[in-house]
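Trainee: sequence first, then the predicted structure:
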Amino acid sequence: MNLDSIPAGARVLIDANILIYARLGLSAECRRLLERCLTREIIGVVTTIALAEFCHRRMVQEAQSRGLSGSNPARTLARNPGIVRALTGHRLEVEDLLAGELLIVAVESGDFARALDLQGSHGLLTNDSLNLACGLRAGTSDLATADRQLQAAPSIRVWTPGDLP
């Protein structure tokens, strides 16, 4: 089920990879999904986990595009706070998301217990299970992700971009 097929009025948990593909212009479907959220045709839900992942990935990508990151970008950035301070593009992108129509959902303590249950029953990784637990608590019935392993997620319909390889 591709992203363009998400019905109007749906409450959709949006994974970090959808935000990244949209921002990089790698998927027109991802961009259209975020546009539908901006017009409130769809209620887009983003967890603080996905937002942090988006911020980190875009910071690393920004450093790489400027030739500032070396062979291990995260280590290089951690050891060079001056480089991190000089990176501003990713900050503007996160601020754009925060200023938009997306509903930001923070992690609550009870989400960890549910996430552990999801890990045990469905073999999901920690951030994936925690992201899903937060989304379920927020009342989402749909998940937009490019991560096909999440198609085994319980109690939620998974939508993936059809225009990615």
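Mentor: Structure's in. What do you need?
Trainee: for R36, give me its contacts.
Mentor: Applying C-beta atoms under 8 Å, 6 or more residues apart in numbering, we find R36 in contact with I6, A8, I42, G44. Bear in mind the C-beta positions are built from the backbone N, C-alpha and C, glycine included.
Trainee: do the same with S129
Mentor: A115, L116, L118, Q119, H122.
Trainee: secondary structure class of the residue of the chain positioned farthest from its centre, three-state.
Mentor: Taking C-alpha atoms, centre = their mean as the measure, the residue most remote from the mean C-alpha position of the chain is G82, 26.8 Å away. Using DSSP: H, G, I helix; E, B strand; the rest coil, the structure places G82 in helix.
Trainee: buried residues in the helix ranked longest in the chain?
Mentor: The longest helix of the chain (DSSP state H) is helix 48-65. Neighbour-count burial for helix 48-65, counted by 16 or more other C-beta atoms under 10 Å, picks out 49-51, 53-55, 57-63.
Trainee: alpha carbons of it, as PDB, please.
Mentor: Extracted C-alpha coordinates of helix 48-65, given in PDB (Å, rounded to 0.1, in the frame of the first residue of the first chain):
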ATOM      1  CA  THR A  48      10.200  12.600  19.600                       C
ATOM      2  CA  ILE A  49      12.200   9.500  18.800                       C
ATOM      3  CA  ALA A  50      11.600   9.900  15.000                       C
ATOM      4  CA  LEU A  51      12.300  13.600  15.300                       C
ATOM      5  CA  ALA A  52      15.600  13.000  17.100                       C
ATOM      6  CA  GLU A  53      16.600  10.400  14.500                       C
ATOM      7  CA  PHE A  54      15.700  12.800  11.700                       C
ATOM      8  CA  CYS A  55      17.800  15.600  13.300                       C
ATOM      9  CA  HIS A  56      20.800  13.300  13.900                       C
ATOM     10  CA  ARG A  57      20.800  11.900  10.400                       C
ATOM     11  CA  ARG A  58      20.400  15.300   8.700                       C
ATOM     12  CA  MET A  59      23.200  16.700  10.800                       C
ATOM     13  CA  VAL A  60      25.500  13.900   9.800                       C
ATOM     14  CA  GLN A  61      24.400  14.300   6.100                       C
ATOM     15  CA  GLU A  62      25.100  18.000   6.300                       C
ATOM     16  CA  ALA A  63      28.500  17.500   7.700                       C
ATOM     17  CA  GLN A  64      29.300  14.900   5.000                       C
ATOM     18  CA  SER A  65      28.100  17.100   2.200                       C
END
